[in-house]
Each structure stands twice: as C-alpha cells, then as structure tokens.
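Student: Just to be clear, the model below is a prediction. Sequence and coordinates:
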Amino acid sequence: MIALALTLALAPTPQAIDVEGQVKLANGRPGGLAAVWLEGNAKGKPLAKAMIDQRDRTFIPHVAVVPVGTRVDFPNNDTVMHNVFADYNAKILDLKAYGRGASRNVVFDKEGLVVLQCNMHSEMGAFIMVVDTPYYAVADKNGRFMIKDVPAGKYVVHGWHESKQTSKEDRIISAGSTLNLSLARRRN
Amino acid sequence: MTVQVSAAEEKYPLRSVDLITEIYFIATPQFRGLVHRGDWFEIKARVDDNWSATITNFQLRDRNLLDETYLQYENTASVTKAGRLRSIFGFGKWTDLFYNVMSRNPMIRSLPVLDQYSLLNFTSGGETHFYRDGWELALQVGDSQLSDRQFLPGRANAIQARLQAPIGDGQLGLNVAKVDKGTFGPGGEVFGLDFRRIAKRVQLRAEVLGSRGSGLTSKGYYADLTYRLPGNHRTQVGVRLEEYAMGVTSTRLMTAGMRYVPIPQLAFTLNYGWTPKFGVLEQKAQSGYAPPPGYGGTLLGWSLQTMLAFRFKT
C-alpha cells in the first residue's frame, strides 16, 4: 500500500506547455483573428467575466472564443443605439434595441459558432466561437497565437477563420511543439 | 474604460482612424438608368477612450455640404460634442439612409418646420448627452443659420433639448427647440415626440412634429414599420405613412419599400410611393421651391437606390 502511494505521488504529472503557432489561409496569407482550440479530455470552465463592447459602430473584439457556459456582456458604449442579434448556428438571440450606458448579457451554453449582427447597422459583425475546452486562442493579425499551459498529449486541433476556412486535425502536443495550421474551405 | 476580451485576453487599442464612405445611385422613372445621387464620407480619429474628432462631408450632384464635424469627449455617463452638429431631434440622419428601407428622409424632417428652419439645418455650437439607466438627456445650443461650408458660429440663435426614456422594449423621445427671430423668420418653438421599438424582426419608429410662432408654422408625422424576413436576415420590407402640413395645405404619402443587403458593403432599396393628398409640395414646386437634398425625385412612383459603403479602420 505504501509503495503504491509513493508510486502515485512520485509519478510525473503531464508537462504544461505553452503552444505557439501560426494560422495560414489557403492563399498562403496569415489567418489574422483566426480561432484556434485544442479538443482533448479536459473540459472548459465558463469565464468569470467576458464582454463584447459596441463602439463606433463596431463590435470589440471582432472574434472571441469562450468556453461553454460563459456569460458574455454586451454593453453599448456607442453614441447610437444597437440591436445585437444572431439568427442561426450555436445561439439564436435578439437583445432588442438599447442605447449608451445600457448592457445585456447572454449565456452561451452550446458549442459552435455564433454570428453576431446589429439589426440597425448592417456593416456590424462579430463572431463568437463557443468551445468545450480550456485551451484556445485568437490569432493576432499575423495569424500568430499562443495557448498557455497545455498538458502534453493528444489533441484534435481546430482552426476557424471568418472567411469560412477551417481545419481539423489530430496532433500530439509535446515540449517544443509548434502548431502551424493551414486552413481551407471545406464543404462540411 | 477597459475592454475585456473574452478570448486571448488581449487589449484592443482604442486609438484608431476610421474612414467610411458611402456612394449613392438612384433610378426613378424620370431618369434613364442609375443616376449618381451623392457621396458621403466620414473620417473619425479616436485618440483614446475619451477623445475623438470627426469630419464628414456630403457631395451631392450640385451641392457640397460640410456634414457633422466636431470634437468629442465621452465618458461612461456623458458625451459632449463641439463643432458643426446635426439636430438632436429624433433619429433622422443622413447616414440613416444607408440603413433604412426608405431611400429618403421623411418630409417633416426635411422640409421647413418653422419659417425656413428645418431639422436638416446644422448647428455650430455644442451639445451634451447625459445617460443613466437607459434614459438620455441631450442639450444643444448654437448657430443654426449656417452656410453649406460654415463651421464657426456667428451667434447663438437656437437651443434644442431632448429627453429619451425607455418604455418597455421601446424608446420614447420628447424634443423641443427654441429658434430666435432672424433670417429664418419671426422665430418660435418646435416640438417633437418620437417612439422607436426594434425587436424580433419588427421595427417601428414614428415621430410627430409641430411648431408655434408668428410666422410660418408646420406640423407633420411619419411612421415606419419594417420587418426583417425570417431565414433571410439580409432582406427587410416596410411601409411608411407620412404627412406634412404647412398653412392650409398638406401632403400625405405612403411608401412601400424593400431593402436587400447582399454584402455589408452593398445595399439596395426599392421604393414605391403614392399619395391620396398632394398639396404643399406641388405649390412649392410651382413657386420655384427646390426640394431639399435627399429627395432626388423619389417621392412618387418607383425608385431603386443602390448604395455602396466602404470602411477602412486602422
């Protein structure tokens, strides 16, 4: 019994790795603001606080990734009213019209893509990728990203870009791993 | 104010330069093919969370207008602007044309409401909006007798106030303006009441305006009802009922419209207008009255407007 306890206590824990990488689109250009997430055994916990702002007739940020169950606040900090809605995919919502100083919130309880729009300003658009994993990132404008503290192991690596290009592949994450994702348009 | 990003925990810079340009074409039975109606552009430079500067310009076929051009300071509870400003009444703006099923502003917002004073008049001066619990109080004061390119005020001759309150899922606005006597005429007061509700694909907005003074007064209203088609969020259909009266004559118009936005940079609006009453506009046309910019011969019959919008943001 003592030997077993000692064995368990001394067993190496999975190494936590900061995974870096770059997303490229089918034409070879960087996948700026692409969403990347690693699907493994661990499930994501809802964020304590998440927010998508509305300013200058723009949603900020343009792309966000949140774990399932996260409540996202949608404050209006613009000088005009907005009406956030999403008509299909992972969440259907309509926050109705509200002005500066007011806020609405929504719990995103299902995995998948949410396409946000404004009923009053057709050029406004943003994306929320709802994932069931704690390991995710949004790439910078050069397509580069980093996901911190990822335990070594086998994952399904997902990539998504607003140009409707995606990727999904099995990868083994180990120390020194670099994730370079090539996205492409897929029929499914 | 800090923007918390829900994914990468990055801080998105709020220092930016925004260029928006909108190009309008219109086809009506009077024109052959699409006619270039005008170009509008806006440059907005945001220095930080609080300070920004905006320059806008409207180039019509025969007229160049300096549009809203101002310095803005904002915090969570208020927004203050100084410069050349639009009316704070209601929600009718030039840029509204790009987002609306109707391809022109309502008559009561375009034609004179008191003497020669119209809500399309710009004001050079200052305005402050206070926000609290969904309520908004706005005050504007300045010079409303400006030339097309005038930026600085000559004198303060108009003051406007607006109170907006949440009523259920809608917003109700009360507006009042005091206009001094001057080149507009003897002066007086303008009153307005507006309501807007947007929810579940249906948008209702209505505004009633009237004036009081010893010169020419007018009154009128409009009500827009639009519906965003289920399964096709890019298409809206709608109707507008409006009336405008000055003196003993009045004009009542009905307009049915459809707006289709295939991509965010391109919008089409198809309108058909008809009227059971046609009074004051006809009389004004006979006396040499020129419809204000924005009409473009779109009052009656068919019109198809095509709008292009491009946005560049750093």
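Tutor: Done, it's in.
Student: So for stretch A:140-158, what gets flagged as buried?
Tutor: A:140, A:143-145, A:147, A:150-153, A:155, A:157-158 (16 or more other Cβ atoms under 10 Å in any protein chain shown). (Glycine included, C-beta is placed from N, CA and C.)
Student: Give me the distance between the two termini of that stretch.
Tutor: 16 Å (Cα to Cα, to the nearest Å).
Student: Likewise for stretch B:121-137?
Tutor: Note: stretch B:121-137 ends 21 Å apart using Cα to Cα.
Student: cool, stretch B:198-218 as well?
Tutor: OK, stretch B:198-218 end separation, Cα to Cα: 29 Å.
Student: got any ranges where chain A has weak pLDDT?
Tutor: Applying pLDDT under 70 to chain A flags residues A:1-14, A:187-188.
Student: any idea which element the residue most central in space within it lies in?
Tutor: The centre of chain A sits closest to residue A:65, judged by Cα atoms, centre = their mean, with a distance of 2.0 Å. Assigned by DSSP states H and E, residue A:65 belongs to strand A:63-67.
Student: Sheet partners, orientation included, of that strand?
Tutor: Here strand A:63-67 is paired, per DSSP bridges, with strand A:125-131 (parallel).
Student: Tell me the buried residues in the helix or strand following the partner strand?
Tutor: Once strand A:125-131 ends, the next helix or strand along the chain (criterion: DSSP H and E) is strand A:136-138. Using 16+ other Cβ under 10 Å as the burial criterion, the residues of strand A:136-138 that qualify are A:136-138.
Student: Return the list of strands paired to strand A:136-138, each annotated with direction.
Tutor: By DSSP bridges, strand A:136-138 pairs with strand A:35-39 (antiparallel).
Student: ok, and does the very next helix or strand once past the strand it pairs with reach over to chain B?
Tutor: As assigned by DSSP H and E, the chain's next helix or strand after strand A:35-39 is strand A:50-51. Yes. Using Cβ under 8 Å from any Cβ of the partner chain, strand A:50-51 comes into contact with chain B via A:50-51.
Student: what's next to whichever helix or strand comes after strand A:50-51, contact-wise?
Tutor: As assigned by DSSP H and E, the chain's next helix or strand after strand A:50-51 is strand A:53-55. For strand A:53-55, the surrounding residues in contact (Cβ atoms under 8 Å, 6 or more residues apart in numbering or on different chains) are A:59-60, A:74-78, A:82, A:84, A:118, A:124, B:3, B:14.
Student: next one: strand A:53-55 to chain centre, how far?
Tutor: 19 Å (Cα atoms, centre = their mean, to the nearest Å).
Student: Kindly report the same for stretch B:42-51.
Tutor: 22 Å.
Student: list the buried ones in that stretch?
Tutor: Across stretch B:42-51, burial judged by 16+ other Cβ under 10 Å covers B:42-44, B:46, B:49.
Student: These: which ones sit near chain A?
Tutor: Answer for the buried residues of stretch B:42-51 near chain A (Cβ under 8 Å from any Cβ): B:44, B:46.
Student: Just to be sure, which of the buried residues of stretch B:42-51 are found in strands?
Tutor: Among the buried residues of stretch B:42-51, the members falling in strands (DSSP state E) are B:42-44, B:46.
Student: now, the most widely separated pair of these?
Tutor: B:42 and B:46 (12.5 Å; Cβ to Cβ).
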